[in-house]
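just the structure for this:
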Amino acid sequence: MSTGDDTTADAGHPPVGRRRETATLSVIPPAVPREAVESTGRVGAVAYPYRVYDAAVSIDRAFMSPRRTRFVASVDRSRRLVVRADTFPEVEERTVEDVLVLPSELSAEVCLERAEKSVFQWTLRKFSTNDAPDIEMERTADVYKLFWLARRPEGDVIVDSVRGSESPLVE
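Now for the predicted structure:
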């Protein structure tokens, strides 16, 4: 059951997307266009919600200037986990037809907490420090990553529109 807006699902209920005939979304631009996906039928679309942070980290050091580093933390708002990204994504507004928009399972506050915790852990794995690092989230983006659903003779697949990788669709 939805909370009234289509961005956050109620706790305790599994994420259920909302199919829309058209939706204008902030997306990571697809490297693989929907039209390029091989399929024996129509190619479906799923919009997966993420919140991405560009984090600047400063670590004080005795008798030296502070060490500075950066991390990009991508919070998967449906699976509720944080992964480290290589770069902060470009974002574009795009109207997507016939799309299943998955709800966000995490609020902006929870996303920030999880991203800060992950950046803190990544920093401690990379550097030895006596004090807690200073973490500043310099940029934030709420984006959707698009996945294409394609019917194939050997079985349905899901295609990552950014990477182009394919996986069997398991129901």
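
contacts for stretch 164-171, please.
With C-beta atoms under 8 Å, 6 or more residues apart in numbering as the test, stretch 164-171 has contacts from 31-32, 149, 155-160. To be clear about C-beta, it is placed using only N, CA and C from the backbone, and glycine gets the same treatment.

what pLDDT does the residue most central in space within the chain get?
Nearest to the mean C-alpha position of the chain, by C-alpha atoms, centre = their mean, lies Tyr50 at 3.0 Å. pLDDT, Tyr50: 97.

that one touches Arg79, doesn't it?
No: the pair Tyr50 / Arg79 is not scored as a contact, 10.1 Å apart, by C-beta atoms under 8 Å.

how about the residue in the chain sticking out farthest from the centre, phi and psi?
What lies farthest from the middle of the chain is Phe63; by C-alpha atoms, centre = their mean that is 39.4 Å. Per-residue torsions, Phe63: phi 60, psi 10 (degrees, to the nearest 10).

and it, how close does it get to Ala108?
39 Å (C-beta to C-beta, to the nearest Å).

that older thread, what about burial for the contacts of stretch 164-171, which qualify?
For these, a burial check counting by 16 or more other C-beta atoms under 10 Å picks out 32, 149, 156-160.

max pairwise distance over those: which two?
Val32 and Asp156 (16.5 Å; C-beta to C-beta).

filter the contacts of stretch 164-171 down to the ones in strands?
Counted as lying in strands by DSSP state E, out of the contacts of stretch 164-171, are 149, 157-160.

ok, so of the residues you listed, who is nearest Glu116?
Taking C-beta to C-beta as the measure, Glu116 sits nearest to Asp160 out of these, at 27.0 Å.
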